[in-house]
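[1] quick one: sequence plus predicted model below, questions after.
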Amino acid sequence: MLHSIFDVHTHYDETVFDADRAEVLESERASGVCGVINSGSSVPSSRRSIDLAHQFGHVYASVGVFPLEAYDVPEGWLEQIAGLARDSRCVAVGEIGLDYHLEDGVGPSEAQQESQKHVFCAQLSLARERGLPVVIHDRDADEDTIALLREQPCPGMIHRFFSRAEYGFRLLEMGLSLGIGPAITYPDAGELIRVVREMPLDRLLLETDAPFLPSARFAGQRATSLMIGDVCETIARVRGDVDAQQVAQAARENTRRMFGV
Ligand SMILES: [Zn+2]
């Protein structure tokens, strides 16, 4: 069993954990998970993240509005996020970013993309003002994400990195870290594997996006932070210069450096 597992991106406030949230979090803790960051994606879920972080000693929060929530943000949303970001258990602004993914051939309109950018930029400013790292969601919006980050550079991570290897290398060059998760355990992970093989280990963070991204052998099930074990095994195998425990340990150190936890 691995120890020192830190899952930097989760959504344990999701209703799918309503029946057994405390049980899941406590049993993970007993099985080598030393910490998790619960990520907000809207004002209410950011508030729930903070609440969870006050209930469980090994849970920390990040707060922010996610790109697909950007179209109808409530009045005063930025002040509310800024207020939550002041909480002692908040360690980052996120998840924030851009999502241009096409669903059945349809993606966000130009006006919607503009709203996403506006909400993203406002939160980048907030993070810079507060000296907090950012947790970035980028789906099919690589060029605009890089352009906006160049305008407002900020320490942080690209969460659930899954894109062309060249883009991964550009992000690393900009000083960002990459959140590597169970996607690496699936057969279509070729580009991701290339990045993980070549990237410096001190830029690697581990995440499951629980409950959303189970590792391949648990496909279709609810993801939990214990699945980081499969991720560490896969990273160790494709790199060949570390074992799974060393991967967990390195990511744990990187988490401390980036988020102060
Ligand atoms: Zn997420």
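    Received it, and whenever you're ready, just let me know what you need.

[2] tell me the strands beside the strand ranked longest in the chain, with direction?
    In the chain, taking DSSP state E as the definition, the longest strand is strand 90-99. Using DSSP bridges, the strands paired with strand 90-99 are strand 59-63 (parallel), strand 134-139 (parallel).

[3] same list (the ones you listed) but as a markdown table, adding mean pLDDT and distance to residue 150.
    C-beta here means a position set from N, CA and C on the backbone, and glycine is covered the same way. Output for the strands paired with strand 90-99, formatted as a markdown table (pLDDT from 0 to 100; distance: least, CB to CB, whole Å):
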| stretch | mean pLDDT | distance to residue 150 |
| --- | --- | --- |
| strand 59-63 | 98 | 22 |
| strand 134-139 | 97 | 13 |
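
[4] okay, angle between the top helix by length along the chain and strand 90-99 too, please.
    In the chain, ranked by residue count with DSSP state H as the criterion, the top helix is helix 110-130. Here the directions of helix 110-130 and strand 90-99 differ by 160 degrees (axes from the mean of the first three to the mean of the last three CA atoms, to 10 degrees).

[5] mind listing what's buried in helix 110-130?
    112, 113, 115, 116, 117, 119, 120, 122, 123, 124, 126, 127 (16 or more other CB atoms under 10 Å).

[6] which ones are touching the last one?
    Listed by CB atoms under 8 Å, 6 or more residues apart in numbering, the contact partners of residue 127 are 92, 93, 133, 134, 154, 156.

[7] at 6 Å instead, please
    93, 134, 154 (CB atoms under 6 Å, 6 or more residues apart in numbering).

[8] which one of these is nearest residue 21?
    Within the contacts of residue 127, proximity to residue 21 (CB to CB) peaks at residue 93, which comes in at 24.0 Å.

[9] where along this protein do the strands fall?
    Using DSSP E, strands in the chain cover 5-10, 33-39, 59-63, 90-99, 134-139, 156-158, 177-180, 204-206.

[10] report pLDDT for residue 184.
    Note on residue 184: pLDDT of 98.

[11] repeat for residue 206
    98.

[12] please apply the same query to the one 3 residues further on.
    The predicted local confidence for residue 209 comes out at a pLDDT of 97.

[13] residue 131 now?
    In this model, residue 131 carries a pLDDT of 97.

[14] how about it, phi and psi?
    phi 70, psi 30 (degrees, to the nearest 10).

[15] okay, now it: neighbour count?
    Residue 131: 8 surrounding residues under other CB atoms under 10 Å.

[16] same question, residue 52
    By other CB under 10 Å, neighbour count at residue 52 equals 22.

[17] also the one 4 residues further on?
    Applying other CB under 10 Å, we find 18 residues neighbouring residue 56.

[18] try residue 90
    Neighbour tally, residue 90, other CB under 10 Å: 23.

[19] same question, residue 103
    Under the criterion other CB under 10 Å, the count of neighbours that residue 103 has is 7.

[20] still on that earlier bit, residues contacting the longest strand of the chain, please?
    With CB under 6 Å, 6+ apart, strand 90-99 has contacts from 39, 41, 60-64, 66-68, 116, 120, 123, 126-127, 132-139, 141, 144-145, 159, 259, 261.
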